[in-house]
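>>> Pasting the sequence and the predicted coordinates here, then a few questions.
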Amino acid sequence: MAKLTLVLALILIILGVAVFVATGSHAPTALIPAYFGVLLGILGLFANTENSKRRMLFMHIAVTVGLIGFVFPGWRAAGDLIKQMHGQTVLRPVAMQEELAMAVICLIFVLLCVRSFIAARRGRP
C-alpha cells in the first residue's frame, strides 16, 4: 500500500500543478491537491519499510489524510454541483472540477486502503 500511496500522491501533485498552470498561475488554492499529494508522498515514503508497526502507523495516518481529502473537497464540489443542477451559475467551474477530481482520487485511495486493512486483519493468526 505504501507504493500505491506514492502513486496517488504523484497524481494529486500533477492535478494541483496542472490546474494551477491552467488557471494562469494566479489561484494558489489550485495547489491544494498538490499539498495533499506532498503530504501523502511523505507518509508513503515513511510507510515503505519492513517494520510492520511503523508501516501500519503511517498507512493509518495516510488513509486519514485521504479521508480528509475526500470529505472537504467532495462537500464543496457537491454544493457547486447542486447549484449547477438547479440552473445557477458556478463562480469557479474549474475549481469545482478540481475539487471533484481530488475527492474521487482520495475516495479511491481510502477504499483501497480499507480493503487492504481488512485483508491484513483476516490474514493475521
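Cool, got the structure.
>>> Would you mark the buried spots in the longest helix along the chain?
Scanning the chain for the helix with the most residues, using DSSP state H, yields helix 52-85. Neighbour-count burial for helix 52-85, with 16 or more other Cβ atoms under 10 Å as criterion, is recorded at 55, 58-59, 61-63, 65-67, 69-70, 73-74, 76-77, 80. Just so you know, the C-beta spots here come from the backbone N, C-alpha and C atoms, and that holds for glycine as well.
>>> Give the other helices and strands that it contacts.
When contacts are defined as 3 or more Cβ pairs under 8 Å, 6 or more residues apart in numbering; DSSP states H and E, helix 52-85 packs onto helix 2-22, helix 32-47, helix 93-123.
>>> Grab the nearest non-local neighbour of Phe36.
The shortest distance from Phe36 to any residue that is not its chain neighbour, by Cβ to Cβ, 6 or more residues apart in numbering, is 4.8 Å, and that residue is Gly69.
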